[in-house]
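Asks: how would this look folded up:
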Amino acid sequence: MNKRLFRANRVPWIRLSLLLCALSFRVYASEAPSMPKESDNLNLSFSLELEERYNDNIYADDSFAVSDWAAIIAPALSAEFDMDAARLSLDLGVESAFYRNNSLEDYTDGWLKFGALVAADSTTHLMLATGYHLKHEERTSPNDNRRTLSPIVYDIKDVSIGLLHQRGDYQLRAGVIQETWRYEDGASLEGPVYNGDRDRDIRSIALRLERRHKKDFSWFLQASGEQRIYQQVTDDAGLQRDSDGFRSAVGIHLKQGDTFDFEAYLGWLGQEYKDPEFSRLSAVDFALNLYWQPREKWQLSLSSDRTLNETTLIDASGYLETALDLDISYQLTSNTHLTLFSGLALFDYLDTTRKDKTNLAGVAASYQIGKYATLRTQADWSKNRTDGGGSPIGEVGSNDYTMKRILLSLNIIL
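Replies: Numbering: from 1, shown residues only. Okay, here's the model as predicted:
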């Protein structure tokens, strides 16, 4: 379920990066091909998460703050089928929310993913994956500026192909992703909201060459290119939003046992837009991921990245998002964990003066009940502030909000 409030509707670079870094299900691709087995192995896992959530500003709008409770149920099923030098994976589930007093906010999200991983030989792995995702647009989304009566619904279909090849100290990873985004129309107090001009296809390709310098240290070069192709020639404002992008970076990866894992890269990103009204983007690109266990019961996770996202703001070609997340966890007892977390997201709307800033802070506690169940409670606070202008399409309400939430969930895994 969505424990964080922002950074939704990300473009494929994040998933493409994950494809390059993992190319697997549970990092299977980085292992040696499996030896022949006496029998095939099927692993099934079923999970059920039940959550009660309070939100004091469900529309993320300080000019029209409404509080409500929501009951959320999320069953999921995953299966892995191991064969000689191959693995098949299936993952499906739904998440439904039911609001006590504002039923128009109810939603049902779902996903269905299938993957196949094959060890071609002792040095090469191939991966094929496809998926379908049904989602709703969060009220905290930077794109939710038309205040529809119900959350906007959209779906994403994706197909990806991956390759991992090991040769001595060198490792080559390659990935290709095709995504199709389709939005449903909505309705507001002012009338129908047409979303056909948001439908788009995104094609991405990426390469990463990594060299292990020492046992615990490696460096890598990576690059990617993409095309964003809209189904309509122009949007409602008469602008062409098709674009081509490219990213390149150099990075390092340092890992020391199970207590320290650090990866970071620095590079450049560029985006060229078809419409002459939009300026060409050229910016620094970076990302880092840190996991550190300084003491036996303490864990620290720090991550930061930069992404270029599409927008419904008329004057903006998109928005550049820079995000930072920090989690600190402490194991109070053998089955009790406490976590403090915080986040910062900066949204720079290109070709406009508008800049948004979102802060997040919270605390969570989890308690393991036996072997199969976990009880979790969480309280968080977030604030978004907008500085500057832009011309939202039929915008209603305020872009500024302060939100406080309380969550209580039970997660059962069989």
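Asks: what's near enough to touch residue 384?
Replies: 6, 60, 140, 356-359, 399-402 (CB atoms under 8 Å, 6 or more residues apart in numbering). (C-beta placed from N, C-alpha, C; glycine too.)
Asks: Closest to residue 176 out of those?
Replies: Nearest to residue 176 among the contacts of residue 384, counting by CB to CB, is residue 6 at 28.5 Å.
Asks: Could you report the pLDDT at that closest one?
Replies: Per-residue pLDDT puts residue 6 at 50.
Asks: in this protein, what spans have low per-residue confidence?
Replies: 1-40, 144-146, 388-398 (pLDDT under 70).
Asks: Need the phi and psi values for the closest residue to residue 203 other than its chain neighbours.
Replies: Leaving aside its sequence neighbours, residue 203 sits nearest to residue 227 (CB to CB, 6 or more residues apart in numbering; 4.7 Å). Main-chain dihedrals, residue 227, degrees, to the nearest 10: phi -130, psi 130.
Asks: residues near the closest residue to residue 98 other than its chain neighbours, how many?
Replies: Counting by CB to CB, 6+ apart, residue 98 lies nearest to residue 71, which is 5.0 Å off, once chain neighbours are set aside. Look at residue 71: counted by other CB atoms under 10 Å, it has 14 neighbours.
Asks: check contacts around residue 71.
Replies: Neighbours of residue 71 in contact, by CB under 8 Å, 6+ apart: 50-53, 97-98, 100.
Asks: how much space between residue 106 and residue 96?
Replies: Going from residue 106 to residue 96 by CB to CB, to the nearest Å gives 8 Å.
Asks: do residue 264 as well
Replies: For residue 264 relative to residue 96 (CB to CB), the value is 38 Å.
Asks: same thing with residue 285?
Replies: Relative to residue 96, and taking CB to CB, residue 285 is found at 37 Å.
Asks: More neighbours: which of the two?
Replies: Counted by other CB under 10 Å, residue 285 and residue 96 do not tie: residue 285 has more neighbours, with 19 against 14.
Asks: So what sits opposite that one in the bridge?
Replies: residue 267 (DSSP bridges).
Asks: Repeat that for residue 313.
Replies: residue 392.
Asks: What distance do you get for it to residue 242?
Replies: From residue 313 to residue 242 the distance is 17 Å (CB to CB).
Asks: Could you do residue 347 as well?
Replies: 22 Å.
Asks: Kindly report the same for residue 249.
Replies: Distance from residue 249 to residue 242, by CB to CB: 25 Å.
Asks: likewise residue 266?
Replies: 29 Å.
Asks: go on, residue 170?
Replies: 36 Å.
Asks: which residue ranges form the helices in the stretch 1-150 of the chain?
Replies: Remark: helices assigned in the stretch 1-150 of the chain by DSSP state H, counting those that start in this stretch are 13-22.
Asks: Which one of residue 347 and residue 242 is surrounded by more residues?
Replies: Each of residue 347 and residue 242 has its neighbours counted (other CB under 10 Å); residue 347 has more, 20 against 16.
Asks: Wait, residue 383 touches residue 402, no?
Replies: Yes. Taking contacts as CB atoms under 8 Å, residue 383 lies within contact range of residue 402: 4.7 Å.
Asks: export stretch 128-141 as PDB, just CAs?
Replies: C-alpha atoms of stretch 128-141 as PDB (Å, rounded to 0.1, in the frame of the first residue of the first chain):
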ATOM      1  CA  LEU A 128      11.400 -11.300 -20.500                       C
ATOM      2  CA  ALA A 129       8.600  -9.600 -18.400                       C
ATOM      3  CA  THR A 130       5.200  -8.200 -19.100                       C
ATOM      4  CA  GLY A 131       2.700  -6.500 -16.800                       C
ATOM      5  CA  TYR A 132      -0.600  -4.700 -16.500                       C
ATOM      6  CA  HIS A 133      -1.200  -2.100 -13.800                       C
ATOM      7  CA  LEU A 134      -4.500  -0.400 -13.000                       C
ATOM      8  CA  LYS A 135      -4.000   2.700 -10.900                       C
ATOM      9  CA  HIS A 136      -5.600   5.900  -9.600                       C
ATOM     10  CA  GLU A 137      -4.000   9.300  -9.400                       C
ATOM     11  CA  GLU A 138      -3.300  10.300  -5.900                       C
ATOM     12  CA  ARG A 139      -4.700  13.700  -4.700                       C
ATOM     13  CA  THR A 140      -1.200  14.600  -3.800                       C
ATOM     14  CA  SER A 141       0.000  14.100  -7.400                       C
END
